[in-house]
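J.: Got a predicted model here, sequence first, then my questions.
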Amino acid sequence: MEEKKTGVILLAAGKGTRMHSRVQKQYMLLNGRPLLYYAAAAFEQSPVQDIILVTGEQEIDVCRRGITEKYGFNKIKRIIPGGAERYHSVYEGLKELQRLGYGKGDYVLIHDGARPLVDGEIIRRVMEDAYRYHACAAGMPSKDTIKQADRNGFAENTPDRRFLWNIQTPQGFSFPLIMEAYEKMMSCEEYQQGVTDDAMVAERMAGCRVKLTEGAYQNMKVTTPEDITVAEALLHSRLS
């Protein structure tokens, strides 16, 4: 794979309210290490050059001491505060990469720190598709039948499962493409309604097609206490 200047925005600013814990989920221990460690380690060992870690303003020092310095992550170049919504945090990360000199010809991967099981192969595939298609998102074909509901909770439509994917992160983009898309979205509150991931921003604001890149069914997002148990079991199986 031809290596091009590629940065990472690693998001760890979520409150994790569904965890029902006083400890924010990115710092909850997973096999003895903070959950956030695993995604940071995967990108540290990948070909990317720079990592921008976006966290809560009150957690910047905790991240610096407990993640960057403790584990020697040299590619984490900045730790910055995020915003009220996920897309605010991504935008802050994009602006920080721009300050580091990112622009035309460069690329960015955006990843949720709550997905600790990302690995080098997923990162490599996303990088390759970002270079080739300029916009891509990791994901996997849906295993389940999906029902579209009406406002009253009755099944209204059953989309063809052959064309349904569960979308994950990382998602990869040409830096100018996603930067311009975010700038357009941030210029108008109406554009921000219903935005749930970066691929949607690229689709809506830049009108581009997003390539679906093979992720892994194990590349789960840790959201609830039950997910911690599952993620620990998957980590054990990976190491065994």
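T.: Perfect, I can see it now.
J.: show me where pLDDT drops low in the protein?
T.: Flagging of the chain using pLDDT under 70 yields the residue ranges 15-23.
J.: rerun at 80
T.: When residues are selected by pLDDT under 80, those of the chain lie in 1-3, 14-26, 239-240.
J.: Centre-most residue in it?
T.: His111 (1.9 Å; Cα atoms, centre = their mean).
J.: That one sits in which helix or strand?
T.: Using DSSP states H and E, His111 maps to strand 107-112.
J.: What are the contacting residues of that strand?
T.: Taking Cβ atoms under 8 Å, 6 or more residues apart in numbering as the criterion, the residues outside strand 107-112 that touch it are 4-11, 14, 39, 43, 48, 90, 93-94, 97, 102, 118, 123, 126-127, 130-131, 169-175, 178, 198, 221. All C-beta spots, glycine's among them, are computed from the backbone N, C-alpha and C.
J.: switch the cut-off to 7 Å
T.: Strand 107-112 is touched from outside by 4, 6-11, 39, 48, 90, 97, 102, 118, 126-127, 130-131, 169-175, 178, 198, 221, with contacts defined as Cβ atoms under 7 Å, 6 or more residues apart in numbering.
J.: Give me the PyMOL select line for these, limited to the buried ones.
T.: Buried residues among the contacts of strand 107-112 (16 or more other Cβ atoms under 10 Å), as a PyMOL selection:
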select buried, resi 6+7+8+9+10+11+39+48+90+97+102+118+126+127+130+131+169+170+171+172+173+174+175+178+198
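J.: Out of the contacts of strand 107-112, list just those in helices.
T.: Among the contacts of strand 107-112, the residues falling in helices (DSSP state H) are Ala39, Val90, Leu97, Val126, Met127, Ala130, Tyr131, Phe175, Ile178, Asp198.
J.: list the contacts for the fifth one?
T.: Residues counted as contacts of Met127 (Cβ under 7 Å, 6+ apart) are Met1, Thr6, Leu109, Gly172.
J.: ok, now how distant is the nearest residue to the first one once chain neighbours are set aside from Gln193?
T.: If I follow you right, that is Met1. Here the nearest residue to Met1 in space, its sequence neighbours aside, is Glu128; by Cβ to Cβ, 6 or more residues apart in numbering that works out to 5.6 Å. Applying Cβ to Cβ, to the nearest Å, one obtains 33 Å for the distance of Glu128 from Gln193.
J.: Neighbour count: these two, which is higher?
T.: When neighbours are counted by other Cβ atoms under 10 Å, Glu128 comes out ahead of the other of Glu128 and Gln193, with 15 against 7.
J.: what about Glu2, neighbour count?
T.: Glu2 has 6 neighbours, counted by other Cβ under 10 Å.
J.: swap that for Ile228, sorry
T.: When neighbours are counted by other Cβ under 10 Å, Ile228 registers 20.
J.: Going forward, count from 20.
T.: Renumbered: residue one is now 20, and that last one reads Ile247.
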